[in-house]
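Undergrad: Next input, structure requested:
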Amino acid sequence: MKLKALLAAATAAAALSAGAAAAEQVKIGIAAEPYPPFASLDSSGNWVGWEVEVIGAVCGAAELDCVITPVAWDGIIPSLTGQQIDAIMASMSITEERMKTIDFSDPYYNTPAVIVADKSMDIAPTPESLAGKIVGIQASTIHQAYAQEYFKDAELKVYQTQDEANQDLFAGRIDATQADSIAMADFVGSDTGSCCEIKGAVADDPAILGRGVGAGVRKGDDALREALNKGIAAILADGTHEKITAKYFTTSIY
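TA: This is a model prediction of the structure:
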């Protein structure tokens with residue numbers, strides 16, 4: 001009887017331990033810098049936007065207790081590897097370079113990189129057209145890596161946030177900027193961005209621009225990666241992804 005009691009106690013303890021583990025919060029890192037319409041703070045100080053809603057939907061479908069954790073963009077991967085956060089869902093493209101350091105879930109969106117400039121400027125999204133121009137890019141992004149590789153005859157001006165680059169474009173301090181097409185569509189549709197237009201998508205280079213945007217996790221954290229994959233697949237299958245997208249965009253971004 002004593003042995004049975006010990007076994008029962010051990011089983012109960014194991015169950016409680018598993019329950020506690022399942023209930024642990026998953027810290028989802030997003031960029032602390034605003035990146036509308038994907039993520040930004042509203043007037044009440046709450047994070048809102050397409051990606052914020054997708055995070056909630058993915059975590060709900062995966063039965064994960066997630067908490068959004070803002071981190072400076074240029075330190076977001078070190079925060080993941082240093083265990084300050086558990087995953088990154090901050091419009092981070094899946095690239096070969098990043099996969100040397102972290103693992104990724106399946107993609108949950110994919111949009112082209114574009115060049116934006118003043119409507120009056122005759123600029124095309126090519127190295128030849130941008131030669132001699134001042135091109136603004138956000139630090140530590142695929143756009144910086146791409147511009148450094150392809151726009152070597154342009155003067156590159158690096159910003160900590162895309163908003164800063166957009167402000168300098170509006171002010172005429174730079175000639176063009178490269179960024180995600182959806183984020184820039186939001187900018188050119190605003191009062192500030194009405195000066196400018198999307199000049200077209202840059203030539204694709206999957207090695208630099210990646211293969212879509214996924215959730216970044218620590219190397220070897222297969223359980224969380226698979227849970228996020230489950231959540232992504234679920235919201236794509238049941239139409240939730242499409243419903244959220246329709247609130248922000250006029251076309252699919254998957």
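
Undergrad: Mind listing residues that contact stretch 208-220?
TA: Residues outside stretch 208-220 that contact it (Cβ atoms under 8 Å, 6 or more residues apart in numbering): 28, 58, 77, 80-81, 83, 86-89, 91-95, 98, 101-110, 113, 142, 145-146, 149, 202, 224-225, 228, 232. Quick note: C-beta positions are derived from backbone N, CA and C, even for glycine.

Undergrad: Pretty sure Asn229 sits against Pro107.
TA: No - using Cβ atoms under 8 Å, Asn229 is not in contact with Pro107, being 10.3 Å away.

Undergrad: More neighbours: the two, which one.
TA: Asn229 (19 against 16; other Cβ atoms under 10 Å).

Undergrad: got a pLDDT number for that one?
TA: With respect to pLDDT, Asn229 scores 98.

Undergrad: Now do the buried residues in the strand or helix carrying it.
TA: For Asn229, the element it lies in under DSSP states H and E is helix 222-237. Using 16 or more other Cβ atoms under 10 Å as the burial criterion, the residues of helix 222-237 that qualify are 224-225, 227-236.

Undergrad: what's the answer for stretch 129-147, then?
TA: 129-130, 133-138, 141-147.

Undergrad: go on, stretch 169-178?
TA: 169-170, 174-178.

Undergrad: quick one: the strands in the protein?
TA: For the chain, applying DSSP state E gives strands covering 26-31, 40-41, 47-48, 66-71, 87-88, 102-109, 113-118, 134-138, 155-159, 176-180, 196-201, 213-218.

Undergrad: between those, which gets nearest to Lys247?
TA: Ranking the strands of the chain by proximity to Lys247 (Cβ to Cβ) places strand 47-48 first, at 10.8 Å.

Undergrad: got a list of contacts for that closest one?
TA: 30, 39-42, 68, 70.

Undergrad: Can you list the strands that that strand pairs with?
TA: When pairing is defined by DSSP bridges, strand 47-48 lines up against strand 40-41 (antiparallel).

Undergrad: Report the rounded mean pLDDT for the partner strand.
TA: 96.

Undergrad: Give me the contact list for that strand.
TA: Here strand 40-41 makes contact (Cβ under 8 Å, 6+ apart) with 34, 47-49.

Undergrad: Most neighbours of all these, which one?
TA: Result: Gly49 is most packed of these (other Cβ under 10 Å), 19 neighbours.

Undergrad: That one and Val202: what is the separation?
TA: Distance, Gly49 to Val202, using Cβ to Cβ, to the nearest Å: 24 Å.

Undergrad: And for Pro70?
TA: 29 Å.

Undergrad: Please name every helix or strand in contact with the helix holding Asn229.
TA: helix 50-61, strand 102-109, strand 213-218, helix 240-248 (3 or more Cβ pairs under 8 Å, 6 or more residues apart in numbering; DSSP states H and E).

Undergrad: how does it look with 10 Å?
TA: Where contact means 3 or more Cβ pairs under 10 Å, 6 or more residues apart in numbering; DSSP states H and E, helix 222-237 is packed against strand 26-31, helix 50-61, strand 87-88, strand 102-109, strand 213-218, helix 240-248.

Undergrad: Comparing these, which comes out most buried?
TA: strand 87-88 (a mean of 28; mean count of other Cβ atoms under 10 Å).

Undergrad: Adjacent strands (with direction) for that strand?
TA: strand 26-31 (parallel), strand 213-218 (antiparallel).

Undergrad: of all these, which lies closest to Phe187?
TA: strand 26-31 (16.2 Å).

Undergrad: Can you tell me the centre-most residue of the protein?
TA: By Cα atoms, centre = their mean, the chain has its centre lying nearest to Ser91, at 1.0 Å.

Undergrad: Quick one: residues contacting it.
TA: 30-31, 35, 38-39, 50-51, 73, 108-109, 111, 141-142, 180, 182-183, 213 (Cβ atoms under 10 Å, 6 or more residues apart in numbering).

Undergrad: Cool, thanks, talk later.
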